[in-house]
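Enquirer: Any chance you can model this:
(6 chains)
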Protein chains: 6
Amino acid sequence: MKNFLILFFLASFGISTYGQNSFEEPLRIIAIGAHPDDTDQQMGGTAALFAKMGHKVKFVSVTNGDAGHFNKGGGHLTKIRRAEAKEAAKRLGIETYTVLDNHDGELLPTLDIRHQIIREIRNWNADIVITHRPVDYHPDHRNTGILVQDAAYLVIVPNITPNTKPLEKNPVFLYLEDDFEKPYPFQPDIAVDITSVFDLKMDAHDAHTSQMYEWLPWVDKELSEVPENIKERKEWLTDRWTLDISSQVRKALKKWYGEDRGEEIKYAEAFEICEYGKQPTEAEILRLFPMLNNKKQ
Amino acid sequence: MKNFLILFFLASFGISTYGQNSFEEPLRIIAIGAHPDDTDQQMGGTAALFAKMGHKVKFVSVTNGDAGHFNKGGGHLTKIRRAEAKEAAKRLGIETYTVLDNHDGELLPTLDIRHQIIREIRNWNADIVITHRPVDYHPDHRNTGILVQDAAYLVIVPNITPNTKPLEKNPVFLYLEDDFEKPYPFQPDIAVDITSVFDLKMDAHDAHTSQMYEWLPWVDKELSEVPENIKERKEWLTDRWTLDISSQVRKALKKWYGEDRGEEIKYAEAFEICEYGKQPTEAEILRLFPMLNNKKQ
Amino acid sequence: MKNFLILFFLASFGISTYGQNSFEEPLRIIAIGAHPDDTDQQMGGTAALFAKMGHKVKFVSVTNGDAGHFNKGGGHLTKIRRAEAKEAAKRLGIETYTVLDNHDGELLPTLDIRHQIIREIRNWNADIVITHRPVDYHPDHRNTGILVQDAAYLVIVPNITPNTKPLEKNPVFLYLEDDFEKPYPFQPDIAVDITSVFDLKMDAHDAHTSQMYEWLPWVDKELSEVPENIKERKEWLTDRWTLDISSQVRKALKKWYGEDRGEEIKYAEAFEICEYGKQPTEAEILRLFPMLNNKKQ
Amino acid sequence: MKNFLILFFLASFGISTYGQNSFEEPLRIIAIGAHPDDTDQQMGGTAALFAKMGHKVKFVSVTNGDAGHFNKGGGHLTKIRRAEAKEAAKRLGIETYTVLDNHDGELLPTLDIRHQIIREIRNWNADIVITHRPVDYHPDHRNTGILVQDAAYLVIVPNITPNTKPLEKNPVFLYLEDDFEKPYPFQPDIAVDITSVFDLKMDAHDAHTSQMYEWLPWVDKELSEVPENIKERKEWLTDRWTLDISSQVRKALKKWYGEDRGEEIKYAEAFEICEYGKQPTEAEILRLFPMLNNKKQ
Amino acid sequence: MKNFLILFFLASFGISTYGQNSFEEPLRIIAIGAHPDDTDQQMGGTAALFAKMGHKVKFVSVTNGDAGHFNKGGGHLTKIRRAEAKEAAKRLGIETYTVLDNHDGELLPTLDIRHQIIREIRNWNADIVITHRPVDYHPDHRNTGILVQDAAYLVIVPNITPNTKPLEKNPVFLYLEDDFEKPYPFQPDIAVDITSVFDLKMDAHDAHTSQMYEWLPWVDKELSEVPENIKERKEWLTDRWTLDISSQVRKALKKWYGEDRGEEIKYAEAFEICEYGKQPTEAEILRLFPMLNNKKQ
Amino acid sequence: MKNFLILFFLASFGISTYGQNSFEEPLRIIAIGAHPDDTDQQMGGTAALFAKMGHKVKFVSVTNGDAGHFNKGGGHLTKIRRAEAKEAAKRLGIETYTVLDNHDGELLPTLDIRHQIIREIRNWNADIVITHRPVDYHPDHRNTGILVQDAAYLVIVPNITPNTKPLEKNPVFLYLEDDFEKPYPFQPDIAVDITSVFDLKMDAHDAHTSQMYEWLPWVDKELSEVPENIKERKEWLTDRWTLDISSQVRKALKKWYGEDRGEEIKYAEAFEICEYGKQPTEAEILRLFPMLNNKKQ
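Expert: The predicted model follows:
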C-alpha cells in the first residue's frame, strides 16, 4: 500500500515537476553546522542540487571558527573563515552563509544560542533543517545537534523569542551523516546521488583554504603533502574526499534510486530523520527532496 | 520461579490489602512534569487510582507554563495555569499540585533547579518518583528528565541542600510513556488499566482550559473545531484522548493483568523503570502499584 | 581661553549650520534603555530635536518589556510593547526602535547581551550612545548601564564579535537623568531645552498605552484616575509629565542657553558624560548637540 | 515645617501607641544577611526591641554558612549553623530565622537567588527590609546587598516570580552599619539605643558557638583566649562586642533621642536608608521604628 | 586474519618487551574519575599492574569529594579525602593523584572544568585516558564522562587553552565498567586480570577510610557491620569487593587471555573503547595494555 | 604620636635595612592585571625597584590577551603575548609572569576565575596584592578589580578552594593608578619614585612589541608613526610614556620623599590602599615599600 502511494505520487506530482522549477514556492532549506565548513563537507552536493533546482538553501555556522587552526586564531581567523564560507556559498550556488559569532571549540547549549538558532530557522521560514547528530566527534558538533533539537518544537511557539515570528508548521529536521555506532549507528533514511555536482562540491571545499589546505591536513600530519600548485592541490583535495560509500548508505541509494542506479552511484550524501519536528511520509520526502524523483537522470 | 514468587506475594500480601487501605503508611508518589498538565496527561488515571486507594500523590510542574499559548503569556498565563492545575488535582483527588516558577520553554538542567527538585522529592518523602524520559519531544521535557535523573542518587546524600532532610531510602524512579524510538523505544515495565477512572482523567483534562481547548488545538490547527458548548467540548476532548494502546503496552497489560483482561483493557498508562534509583523486584512493583494486584477487578 | 574657543566655534561653525541640516553627514545617536519606553521618557524631546534637524536617532530597548504589567505578560505583552514603541518612534520622527528579546525584570550583565549591545552600537555607527546610570531605580536599568559601559571601549576592538565591523572611533557615552544621590548625584553636563517639542514627546508617550495608561498608574495606585476619553487622558498624561526642573539642571540650562533663556525654559532633558568612551570638549559637545547652538531661538 | 509635622505626629500617633502594642497590625521586619549570624551582629538589639513591642521580625541568611570555619565544613557545618541560628532567634524573641541553602563564600548575584529573596520579602509581607551595604568587607555581604537592592522594585511587580503574590507597597530598605569609607561612608539615618537589650543580644551571640567562640577568634588568632568556662566565655564575648560608637552614629542618636540621652547611650545600632524602595519621611521613620518615640524612656 | 595479526604482533613485539620494561618511553595513563576513590574502585588493579611494569599512571578526581559523607563535609572533608587519595596512590604505586577543587555532588559540564581536564590530559602527555561512561549512576560520574568526552578532540587543538601545549596525537579514551543497560550495556572491549594485584587494590581501598568504612557502608545501612579492628575491617572490605565477574567480561577475559586462563581469572577490570579519540587496533591495544601480552603468566 | 613612631621606625629599622637586603624574608608582591602588559605599564618601575632590593615580584595577567589586536588574534596572539610577558619579566628582574587562560575582552567576575586568583595569591604567599580599581576604562580591568577584591577576605578562609593552603594573614591590597573621577578619584596613598628604573621600565615595555608598537598605536591611529628602526622606536616609546605627574601624586611624593626631592621626581607610580584586606599603618607601609625609606637617595 505504501509503495502504491509512492508510485501514485510520482506519477501525479513528482516527476512532472522535476527539472521545471514549477513550484509555486521554492523549498527552503537551512543547514546548521558547528563550523564554517561543516555543512559544506556533509551536504555540499545536496545543497548544490537544491540550488540548481531553484530551491533556497542557507548554511549557518554556529561558531565563528576562531579556534581550529595551528598558527592563526581569534577574530582574525574568523574573518578569513567567513570570507571562505561566502565564497563557498557562491560556488555551490546557494543563497547565503551566515557565521554566528560564538567561540569555536567552546560551544555550549545555552539559551541565548538556542534563541539565535530559533531565529535563524524562523527567519528562513524553513521547510527542512539539517544539523549534526548529537554524537558526532567534536563537542561543538554534539552541542549544535542538541541546540537544533531543542529548537525543533519551539520554532512554532509564539511566546519564545516573541519578536521573531514563529513558523506556521514544524519543519522536517534531519541529521548529517557520521560514523559513530553508539548509542546507535547513523540511519540513512534519505540518500542523495551527488555525482553530478561532486566537482562543484570540491570547488566549494577548495574555497575553504584555511580548512582544507591548512588545518585539516595539519591535524592529520599531512601538511607537507599539500601541493603548492593550485590545480594540483585541488586534485589532491578531490582524492582526499573520494570516500567509500558505506553499505547502509548504498542500501538507501538503492531504495531511492533503484537497484541498478543505486549500485553505480559514485558520490552520495545521506540524512537521518530526527524524531523531533515533522515526521515525513515517503511521499513528503520525495516532495522535500525532489532530486530523488529523477531516477532516470 | 519468578512467577511463583509473584503468586506467593499476591496470596500472602497483595490481594488482602487491596481495596481496604489497610496499609500502615500510605504510599507517597510524586510525579514531576515540565508543564502544568504533563503529568495529568500521562498518568492522571494512575494518579486517580492511587488516590482512590488512599495513597498520597503530588504533581509538580517544573516550569510555570508561562509560554505555551498563542495569545496569552508571562505571569498572567502562569496564574491561569496554576489555577487550572489546582482544579485538576482536585478532580483527580490527589493531594496537591505544585507549580515551580521557572520559565516555560527555557528550562535548563541547572543546579538550582536540580536542588528545587531534590527538595520536592525529599519533602514529599517519596516512594515513587515519575518523570519524562530525557528523549521526549519538548526540550523542557528532556531537561526535566535529566534533572530528575540527576536527583536520583542525591536525594539520599545529606550534604546536598543540607537544610532539607535527606530521604532514608532511594525511591523508585519511573518514566512516563512517549513515542520515541531512539536511542531505544519506551519500555512499558509497568502498565496500569485506567479504564475505571478514564472519565475522571478527562474531568481533570477539562480543567486545563488554556491547554486543552486553546493551546493544544491551536498547535494542531484545530482551534476552530473546539466546541463552544461545555458539554460538547468535553466530549470532543474525550474523543481526542481516546488513543490506541501500543502493542508493547498491550503486552505489558497482559503480563500484569493476565491475557484475557489484558486484551480487553480500553485505557491504559505505562511506566518504564529508570536505572537510577531503587531497582524494584516484581514483588516490590506489586506493593508500589497495588492496583495491579486486583486482577479480578 | 576655553570660553574664547567656544565663541570662536559658535561663530565659525555652530550657528551657521543650525537649522539648515547642511552637515555632510548627519549625526548618529543611539539611546539604549532597559524597557520599551525608557528612552522616550528621558530623552524623547532631545531625540525629536535631533530628528527635526536631520540627524539619525535609534532607540533600543534591551529587554522586551514582557513583565512590567499587572494583567498581561510574556510574549503577548512584548508584541504590544513593540508595536507601541514603533508608533512612538514614528511620532518622535526618529529612524527606528529596536526591541531586543531579553526578559524584562531579569536582565543580567551577561556576555551575550553585552555583545548584542556592541553590535547595535557598531551597526548604527554611533557618534553618541546614551543609557541609564548604573545606579537608577530598576535593576534592569542598572544592568543596562553596566552593559553599555562595558561596551564603551570594546566597540572599537576588532576581535570582539569580529563578524560585526568595529567603529573607527569611540563614541561619546552619556547617561540619562535620574534622582539618585549615591554614590554621587547625577551631573547635568549637558541640558537641552525641549519646550518646543514637549507636545511631540507627549504624543510619543501617548503611544505607550500599556505603560502610560495601564502599568505606571497601576504601580502608583492611580489606575482609576486615568480618563477613558482619549483627549482627556492625553491631558492627564501631560500633567503627570510636567515635572519640576532640578536646580542643577537649571544651572546647566543657564550655562548652555545663557542666564535669561535658561531661567525661562519650561521643559528640559539633561545628560551626564560617562567617563568611558570619548571625553568631548565643549566645542565637540556643541557639534554633537547642535540644538545648543541656537541660543537665540 | 518638617519639625512641626513630626511633633504633630508624635502627639497624635507615636507616643500614644508606644509601649502598648496597640497597633492594629504589627510591623513586619525582614533582615537579610549573608551568613547565619550577620543580622544578629548588626541588628540583634533592634530586632529584640521590635520583638518586645510585638512586631514580627524574620532573619534570613542567604548562604548556609558552610564555609566559614577552620575545622568543620559543608552540610555538616550548615546544620550546626542553622541550629545556632534557631537558638539565637529564640533568645532574641524574634519570629523565625531562615537559612537559605546557598554556598557560603561563593554567593553571586544570580537570578535564582534574587528570586529566593523576592519570595522571602513577599511572603513576609515586609514593611522594612534590612541588608548589608554592597561595599561591606566580605564578597558574600556585597552580593547580598546587590541581591536585596535588585529585589527592591521587583517585589511589587506581579509578573516576577508570579506564583508568589507581590507586595502591595514597596517596603523601606535599610542598610546595616559598616566601616567603609568608599565610595562614601555609611550614613546613620536611623540610630537605635539598644542598651536595654544588649544582654539579650549577647545571649543571642552566645548561641552562635561555632562563630563566636570558634571561627571569629580563629580569624583574629585569638582562639586560645576563648575561655572554656561557659560563664567566662560569655563575659569574654561581651567585652569583645562592647564597641565604641562612631561620632556619626552618636550624632544620629542625639538627633533621634535628644542631646542628653543621645550622649549617654552605651550601645547602639544604626541604619542607612537605601535609595531604592520607599523613601520614608521622618514621621514614617518614627512609625516604622516605634522605639524611637520613647525619648523619655 | 585478525588473529594472525595478533600472533604476529605478540611474536615480534609484544612478548619480547613484556616484563622487561624495555620501552624507550613508558606509557602514560590518566584516569579521571568524579570523586577521590572512583578510579581506585574501578581500575585500581590495572593501575597497579601498569605501575609495576614501569608505566606512569595519574589519577584525577574532578570533584574534591566534599559532600559524600553523613557527618563530615566541606573543605574539612576534602582535606581528609585528598590525604586518603595520596595514600591510596602510594599503595598502588602510581605516580600521583590530583584532586581538583570542584564541589562534589554539584558537577556540571562547564567550560572551565572542561579546560581543567584538557590541561590535566595535556600536561600528563597521556597515551590513555580513562573515565566514567556518561550513563553511570551518579550525576557527577555522568558529567565527568561528558567532560572527558568533550576534551577528546580538543586536547590536540592548539588554540584551546592555548597556554598549555597541545598533545601531538589524540590518546585512546576508555570507559570504566558500570552495570547500566541503557541506552546500551557496557562493552568490555578490554579486560584485565588483576588477580595478582587484588590485595594491593584492597590496600588502596583501605586507605580511603572515609569512603570505605564510613560513607559507603552508611549508604548501604551497614555502618554497624564495619569491624573496629583494623585487620578485620580490611577482611570485611575484601569480602565486599569480591564481586562476580559478568558474563560479558568473562567472555572478554577469554578473548584476551585464552579460554583456559580466562575461565579461571578471579578478579578482573574491564574497559570500553570510547568512539571519540584514537580508535586502536588490537595490536595497539596490546601495546597500550602490555599486561595482556603475558598470557602464559 | 604617629609621626614619632614613623621616625622611630626609620631610625631603628627602615634605613638600616635599605640597600642591604638584610631581611630574613624577602617581601612577596603579586600584581594582578587584566592583560599581559597592564601591570608593567602601571607598576613596572616599582616592581623593578622591589626586585633590585631582593624582593619577590610576580605579575599575573587574568586574561590571555587573545583579543587586543587588529590583525592577529586567538591562541596565536596569546602565545605571542605570553612570550612578550616572559621577556618583560626578565628585563624588569621580577620572578615570574603568569598568563591565565581566560578570554581577553570577555572577562566576567565568575567563581572559577575568583578561585584562580585566590590560588595565585595563596601560592605566592603574598604580602602585597596590587590590581586595577573597579572603575578603570576597560571592562576587563573593572572585572579584574572586582575579582581581586572578592578574593581579599577569602584568601584566609581554609574552606574556600580547600586544596590550596590559605594565607595565615590577609595581605595589603592596593590599586593601580587611573584617571577616573567617579565615584571618587584615585587616591595616591603611596607614591614611588621610579626615576632610577624608568629606563628598565621602558625596556620591559619594549618587550611588549604586539602591544606597544602595534595595538596601542593602532588604537590611537598612530601606527604609521611607529619607527621601523629598533632604537628609534624605543625612543618613540619612551617619549610616549613620559607622562605628567598629577598634582595629587606630586603631593604624595612630597609626603613620602620630602618636599624637595618630591618636587623633582621625574617619573613616579602611585597606589591606593584598598579598604578590603589588611589596613596598614604608615610604619607598615614603610616596611612594605622599603624604597620609600631612602629619602636621602
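Enquirer: which sections of chain A are below the confidence cut-off?
Expert: Residue ranges of chain A with pLDDT under 70: A:1-24, A:294-297.
Enquirer: most centrally placed residue in it?
Expert: Central residue check for chain A by CA atoms, centre = their mean: the C-alpha nearest the mean position is that of residue A:43, 3.7 Å away.
Enquirer: Wait, a helix at that one?
Expert: Yes - per DSSP: H, G, I helix; E, B strand; the rest coil, residue A:43 lies within a helix segment.
Enquirer: which non-adjacent residue is nearest residue A:115?
Expert: Nearest residue to residue A:115, sequence neighbours excluded (CB to CB, 6 or more residues apart in numbering or on different chains): residue A:161, at 4.9 Å. Heads up, the C-betas are built off the backbone N, CA and C, glycines and all.
Enquirer: From what I see, the residue nearest to the centre of chain A and residue A:130 are in contact.
Expert: Yes - when contacts are counted by CB atoms under 8 Å, residue A:43 is listed as touching residue A:130 (6.1 Å).
Enquirer: Just the CA atoms of the longest helix anywhere in chain A, as PDB, please.
Expert: With residue count as the measure and DSSP state H as the assignment, chain A has helix A:74-92 as its longest helix. What follows is helix A:74-92, C-alpha atoms only, in PDB (Å, rounded to 0.1, in the frame of the first residue of the first chain):
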ATOM      1  CA  GLY A  74      40.600  34.700  17.100                       C
ATOM      2  CA  GLY A  75      38.700  37.300  15.200                       C
ATOM      3  CA  HIS A  76      41.500  37.400  12.600                       C
ATOM      4  CA  LEU A  77      40.800  33.800  11.700                       C
ATOM      5  CA  THR A  78      37.100  34.300  11.900                       C
ATOM      6  CA  LYS A  79      37.300  36.900   9.200                       C
ATOM      7  CA  ILE A  80      39.200  34.500   6.900                       C
ATOM      8  CA  ARG A  81      36.700  31.800   7.600                       C
ATOM      9  CA  ARG A  82      33.700  33.900   6.900                       C
ATOM     10  CA  ALA A  83      35.200  35.100   3.600                       C
ATOM     11  CA  GLU A  84      35.900  31.500   2.700                       C
ATOM     12  CA  ALA A  85      32.300  30.500   3.600                       C
ATOM     13  CA  LYS A  86      30.900  33.300   1.500                       C
ATOM     14  CA  GLU A  87      33.000  32.100  -1.500                       C
ATOM     15  CA  ALA A  88      32.000  28.500  -0.900                       C
ATOM     16  CA  ALA A  89      28.300  29.500  -0.900                       C
ATOM     17  CA  LYS A  90      28.800  31.300  -4.200                       C
ATOM     18  CA  ARG A  91      30.400  28.300  -5.700                       C
ATOM     19  CA  LEU A  92      27.600  26.000  -4.500                       C
END
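Enquirer: Can you work out which residues contact both of residue A:43 and residue A:130?
Expert: Contact criterion CB atoms under 8 Å, 6 or more residues apart in numbering or on different chains; residues bridging residue A:43 and residue A:130 by contacting each: A:31, A:176, A:271.
Enquirer: Report how many residues lie close to the last one.
Expert: Here the neighbour count serves as a burial measure; for residue A:271 (other CB atoms under 10 Å in any protein chain shown) it reads 26.
Enquirer: Just the CA trace of stretch A:188-198, in PDB.
Expert: What follows is the C-alpha trace of stretch A:188-198 in PDB, where atoms were taken according to Å, rounded to 0.1, in the frame of the first residue of the first chain:
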ATOM      1  CA  PRO A 188      20.500   6.800   6.200                       C
ATOM      2  CA  ASP A 189      16.700   7.400   5.800                       C
ATOM      3  CA  ILE A 190      17.500   9.600   2.800                       C
ATOM      4  CA  ALA A 191      20.400   9.200   0.400                       C
ATOM      5  CA  VAL A 192      21.200  11.600  -2.400                       C
ATOM      6  CA  ASP A 193      23.300  10.900  -5.500                       C
ATOM      7  CA  ILE A 194      25.600  13.900  -5.700                       C
ATOM      8  CA  THR A 195      27.800  12.600  -8.500                       C
ATOM      9  CA  SER A 196      26.700  15.200 -11.000                       C
ATOM     10  CA  VAL A 197      27.700  18.000  -8.600                       C
ATOM     11  CA  PHE A 198      30.700  16.500  -6.900                       C
END
